[in-house]
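Peer 1: from the sequence below, what's the structure:
(chains A and B)
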Protein chains: 2
Amino acid sequence: MAENVDGDALTSEVVRSFSSTSDERLRQILTSLTTHLHAFVVDVAPSIEEWEQAVDFLSRTGQACTDVRQEFILLSDVLGVSMLVETLNGQETPEATDSTVLGPFHMVESPARELGDDISPESEGPRCVVSGRIRAVDGTPIPNAAIDIWQADTKGFYDVQQPAIQSVGNGRALLRSDAEGRFHFRSVIPMHYPIPTDGPVGELLKATSRHPYRPAHIHFLVTAPGFRELTTHIFIAGSDYIDSDAVFAVKGSLVKDFVQEQDGQEAERYGVPSPFRHGHFDIVLHPES
Amino acid sequence: MAENVDGDALTSEVVRSFSSTSDERLRQILTSLTTHLHAFVVDVAPSIEEWEQAVDFLSRTGQACTDVRQEFILLSDVLGVSMLVETLNGQETPEATDSTVLGPFHMVESPARELGDDISPESEGPRCVVSGRIRAVDGTPIPNAAIDIWQADTKGFYDVQQPAIQSVGNGRALLRSDAEGRFHFRSVIPMHYPIPTDGPVGELLKATSRHPYRPAHIHFLVTAPGFRELTTHIFIAGSDYIDSDAVFAVKGSLVKDFVQEQDGQEAERYGVPSPFRHGHFDIVLHPES
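Peer 2: Residues are numbered from 1 along each chain as shown, chains lettered A, B, ... in the order given. The predicted structure is shown next:
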C-alpha cells in the first residue's frame, strides 16, 4: 500500500502491479498507459463529478457500437489518434506515397472490375476519370497490383449508408494494374460528408464547436507481392474542409487537382462525354522489409 | 492540414481544433488529454492490430455496463485512477481522517438504525463491535453527524449481490452520532472479496497475473453541517490482500485492529457474547472551505 498517497507513489504502485505480466509487450504498454494516464489526471485534477461524466461518456461510446458502427474508432479519429497510429506505422519515406487512415467504410468486399470501368454506375452526376501508375520507389512499374477503391457519391453517401438507394458495391472496385503498372477508371467526384454526429462523439464535436466534415476523397488500398501494403486516400483539391478534416487525415501530397479536360480525343479514349474532369494519381510502393 | 505529419505537428493540430471551445474548463481538459494521449501513443507506437485490440477492449467495456454494473469504473479502479481522483479531491491534511474510494456498492439507501444496533442481522458469524467518535480537527466533538455505513458479510458478499439470500439493507446502516460525537454498532467482520472478473477488466487482470481481491473493509460516508463530507473505509488489520488491494484504496492510517475483548462487562455493555472483537475508529472531519 502507498503509506502517504501522493500521485507519484500511487502511480509507482499501479506500475508495480503489472510487473508479473508474462507478455512483455503488454507490460510495456500498460506501464506507459499508467504513467501517461496518471499524469493527465494529475494535470487536470478532475472533480468527482467530472470523473463521473468521463465514465459516462466512455460507457455510452461503447454502447453506441454496433455491427455497422464503431463509435470508439470515431472517437480515436476525432482525437487524431487513428491518424497518429497510421503515421507511426507508415514509417514513411519521401519516395513512397503517403498513407492515411482506413476509415470506417471498408466494410464490404469491392467488386472486381476491369480497367476503364465506371465504378459508380448507380451514381448521378458527370463522370470523371482517375488514372495513374503503380511503381516501386526505384521507378520500376508494378504490374498486376491489386487496387481496392471505395468512395462516397456526389451527395456524400457510401453504398452501405443507403441500402434502399444504392446496391452494395456502387462506388467500389477491385482493379488490377496492367503490364506497365497503369490503371484508370471512371466514376463521379465524391462530395464532402459529415461523420456520424448522433452519438457521444457528435456531442463532443458540438461542445467544442468543431464541424463534423471530411473533405471529398477517394480511398485506395494497394497490395502487390514483395511490397508493403498501402492504405491511403486522394483528396479532391478545392473541396470544402480540405484544411480542417474532422479526422486529421489530409496530407498535402495526397491532395490532387481534378483538371477540366477539354481534349475530345481524351474523352473518347476514356469513354466519357467531353469535357470531363481528370485526376491523376501515381502510387509509389515501398519494398517489404 | 499538417504538411509533414509527425507526432508533434499532428498533436498541435488536434489541440488547435479545440481552440473554439466556449467552456474554458472543457478546453483545458481536452488540451491536456490530447497531449498526454498522443504522448502515450508515440511512446508505445502500437501496431494497427494492437490499436484494433484497444478499440475492441474499450467497446466491450462500455457494453458490459448495465444498471447494476459499471465496468468503466472498475477499469478506472484497477488502473488506480479512481484512487488518484479521490486523493486529488481529498486535499488531505494530516489532522483529518484520510479518504478513500466510494466503490460500486453504495447503490441503495441505508436503513436508519439506532446506536448499538446490529447492522447485519441476517449475517452468520460472531458479532463484533465498532465504536468511535466524530470530531473536528480542533478536537471538538460533532454531535448528530450522519454516518452511512455499508459492508460485505463473512463470505464477502454485499446484500445487493445476493437478492435471494439477503434483504436489501443487511450490512448497512444510517446512524447519528450522540451528543458527545460518539457512535457504536454491532456487526460481523466482513471477508475479503473479488471484484467482478467475468468482463473485460477480468481479462485484463488475468492477462497481467493480478488477483482481483479487495482486503476486508467497512465503508463510511460521514456528513455534518459545516464540515467537508468524508468518504472512507476502515480495513481490518490482518486481512488477506491488505498489501495488494486490487483497486489501490488502502491507506495505512485506515487499517484498524479488531482486538479480542476478554472483559465480560464490555460484552454486556455492547450486548454481545464474550469474548468479542472490537474495532475502534475515530473520525476527524475538516471544516468546509
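Peer 1: going by C-alpha atoms from here, please, whenever you check contacts or count neighbours.
Peer 2: Noted.
Peer 1: any idea how far residue A:194 is from residue A:240?
Peer 2: Using C-alpha to C-alpha, to the nearest Å, we find residue A:240 at a distance of 12 Å from residue A:194.
Peer 1: all helices for the stretch 51-200 of chain A, in order.
Peer 2: Ranges of helices in the stretch 51-200 of chain A, per DSSP state H, counting those that start in this stretch, are A:71-78, A:81-90, A:200-207.
Peer 1: could you provide those in TSV, with additional columns for mean neighbour count, distance to chain B and mean pLDDT?
Peer 2: Shown next, in TSV, are the helices of the stretch 51-200 of chain A (neighbours: other C-alpha atoms under 10 Å in any protein chain shown; distance: least, C-alpha to the nearest C-alpha, whole Å; pLDDT from 0 to 100):
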stretch	mean neighbour count	distance to chain B	mean pLDDT
helix A:71-78	23	6	95
helix A:81-90	22	6	90
helix A:200-207	18	7	98
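Peer 1: so, low pLDDT: which residues of chain A?
Peer 2: Residue ranges of chain A with pLDDT under 70: A:1-7, A:91-92.
Peer 1: break it into its domains for me.
Peer 2: Structurally, chain A divides into domains by automatic domain parsing as follows: A:1-45, A:81-285.
Peer 1: can I get the ones you listed in TSV with distance to residue B:126?
Peer 2: Shown next, in TSV, are these (distance: least, C-alpha to C-alpha, whole Å):
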stretch	distance to residue B:126
domain A:1-45	29
domain A:81-285	50
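Peer 1: mind listing what's buried along stretch A:35-54?
Peer 2: A:35, A:36, A:37, A:38, A:39, A:40, A:41, A:42, A:44, A:45, A:46, A:51 (16 or more other C-alpha atoms under 10 Å in any protein chain shown).
Peer 1: ok so, going back, out of the domains of chain A, which gets nearest to residue B:170?
Peer 2: domain A:1-45 (29.6 Å; C-alpha to C-alpha).
Peer 1: next one: the closest one to chain centre, how far?
Peer 2: Its chain's C-alpha centre and that of domain A:1-45 lie 32 Å apart, by C-alpha atoms, centre = their mean, to the nearest Å.
Peer 1: check for me that residue A:246 belongs to a strand.
Peer 2: No - looking at residue A:246 with DSSP: H, G, I helix; E, B strand; the rest coil, it is coil, so not inside a strand.
Peer 1: I'd guessed it sits against residue A:79; true?
Peer 2: No - the criterion here is C-alpha atoms under 8 Å, and residue A:246 misses it with residue A:79 at 9.1 Å.
Peer 1: next, the residue positioned nearest the centre of chain A: phi, psi?
Peer 2: In chain A, the centroid-proximal residue (C-alpha atoms, centre = their mean) is residue A:101; its distance is 2.7 Å. When read as degrees, to the nearest 10, the backbone of residue A:101 gives phi -70, psi 150.
Peer 1: residue B:75: which of the helices of the stretch 51-200 of chain A is closest?
Peer 2: Of all the helices of the stretch 51-200 of chain A, it is helix A:71-78 that lies closest to residue B:75, at 16.2 Å by C-alpha to C-alpha.
Peer 1: check contacts around the residue of the stretch 151-289 of chain A found nearest chain B.
Peer 2: Chain B sits closest to residue A:208 of the stretch 151-289 of chain A, with a gap of 4.2 Å, by C-alpha to the nearest C-alpha. Listed by C-alpha atoms under 8 Å, 6 or more residues apart in numbering or on different chains, the contact set of residue A:208 reads B:18, B:19, B:20, B:21, B:22, B:23, B:27.
Peer 1: so which of those residues is the most crowded?
Peer 2: Neighbour tally across the contacts of residue A:208 (other C-alpha atoms under 10 Å in any protein chain shown): the maximum, 21 neighbours, falls on residue B:18.
Peer 1: contact partners for it?
Peer 2: Counting by C-alpha under 8 Å, 6+ apart, residue B:18 touches A:208, A:209, A:210, B:27, B:30, B:31.
Peer 1: mind telling me what element the fourth one is part of?
Peer 2: Pointing back at residue B:27 there. In the assignment (DSSP states H and E), residue B:27 maps to helix B:24-44.
Peer 1: let me know the angle separating that helix from helix A:24-44.
Peer 2: 160 degrees (axes from the mean of the first three to the mean of the last three C-alpha atoms, to 10 degrees).
Peer 1: helix B:24-44 close to chain A?
Peer 2: Yes - Helix B:24-44 is in contact with chain A by C-alpha under 8 Å from any C-alpha of the partner chain, via B:27-29, B:32-34, B:36-44.
Peer 1: circling back to that earlier point, and the helices of the stretch 51-200 of chain A as a markdown table, adding distance to residue A:163?
Peer 2: Below are the helices of the stretch 51-200 of chain A laid out as a markdown table (distance: least, C-alpha to C-alpha, whole Å):
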| stretch | distance to residue A:163 |
| --- | --- |
| helix A:71-78 | 21 |
| helix A:81-90 | 27 |
| helix A:200-207 | 23 |
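Peer 1: tell me which parts of the stretch 151-289 of chain A are close to chain B?
Peer 2: Selection of the stretch 151-289 of chain A residues close to chain B by C-alpha under 8 Å from any C-alpha yields A:207-210, A:242-245, A:248, A:250-253.
Peer 1: quick one: which of those residues is most hemmed in?
Peer 2: When neighbours are taken as other C-alpha under 10 Å, the top entry among these is residue A:250 (29 neighbours).
Peer 1: does that residue count as helix, strand or coil?
Peer 2: Taking three-state DSSP as the rule, one finds residue A:250 in the coil state.
Peer 1: quick one: it and residue A:237 touch, right?
Peer 2: No - applying C-alpha under 8 Å as the test, residue A:250 and residue A:237 come out as separate, 10.9 Å apart.
Peer 1: tell me how far the residue lying closest to residue A:182 once chain neighbours are set aside lies from residue B:261.
Peer 2: With sequence-adjacent residues excluded and distances taken as C-alpha to C-alpha, 6 or more residues apart in numbering or on different chains, residue A:182 is closest to residue A:133, at 4.2 Å. Distance of residue A:133 to residue B:261, given as C-alpha to C-alpha: 88 Å.
Peer 1: by contact count, what packs against the helix or strand hosting residue A:50?
Peer 2: If you go by DSSP H and E, residue A:50 is part of helix A:48-63. Here helix A:48-63 touches helix A:71-78, helix A:200-207, helix B:48-63, helix B:71-78, helix B:81-90, going by 3 or more C-alpha pairs under 8 Å, 6 or more residues apart in numbering or on different chains; DSSP states H and E.
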